[in-house]
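S.K.: fold the following and give me the result.
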Amino acid sequence: MVSISESRAPLEGLGSRLRVARIARNESMAVFAARIGVSVPTLRAMERGAPTVQIGTWANALWALDRLEDLAPVLAVRESLLDLARARQAPTRRRAYARGRPRQ
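M.R.: Numbers count the residues shown, from 1 in each chain. Next up is the predicted model:
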């Protein structure tokens, strides 16, 4: 597996926040691991920020914490300023059959 050093800090931060959220809910590692369908060592790896944990496992953890919507912004489509400017300048398209007929 390729290890990208820049991904280490964000994963460790994510794992740390997972641990804080689990503890805030007063759940032991065993209970939380069972809720998300993983072993305690896998949960421990998540909380350490190990890059080997599958994204589906993270989605299950977010669901268990009622935070699944936090996953939505990941890789969300971003429009650049140039895209926004082009959209404003683009003429509104009309269907060919509607040309020449008054709008209702």
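S.K.: burial of Trp63, as a residue count?
M.R.: 14 (other C-beta atoms under 10 Å). Any C-beta I mention is one placed from the backbone N, CA and C, and that applies to glycine too.
S.K.: for Glu47, that is, sorry about that
M.R.: 22.
S.K.: contacts for the helix or strand where it lies?
M.R.: Using DSSP states H and E, Glu47 sits within helix 40-48. Outside of helix 40-48, the residues that reach it under the criterion C-beta atoms under 8 Å, 6 or more residues apart in numbering are 12, 15-16, 18-19, 22, 29-30, 32-33, 36, 38, 52-53, 57-58, 61.
S.K.: may I see the buried residues of that helix?
M.R.: 42-43, 45-47 (16 or more other C-beta atoms under 10 Å).
S.K.: ok, now stretch 4-23?
M.R.: 11, 14-15, 18-19, 21-22.
S.K.: one more: stretch 51-64?
M.R.: Buried, per 16+ other C-beta under 10 Å, within stretch 51-64: 53, 57-58, 60-62, 64.
S.K.: repeat that for stretch 64-81.
M.R.: For stretch 64-81, by 16+ other C-beta under 10 Å, it's 64-65.
S.K.: start and end of it, how far apart?
M.R.: 37 Å (C-alpha to C-alpha, to the nearest Å).
S.K.: just for the protein, where's the confidence low?
M.R.: 1, 90, 97-104 (pLDDT under 70).
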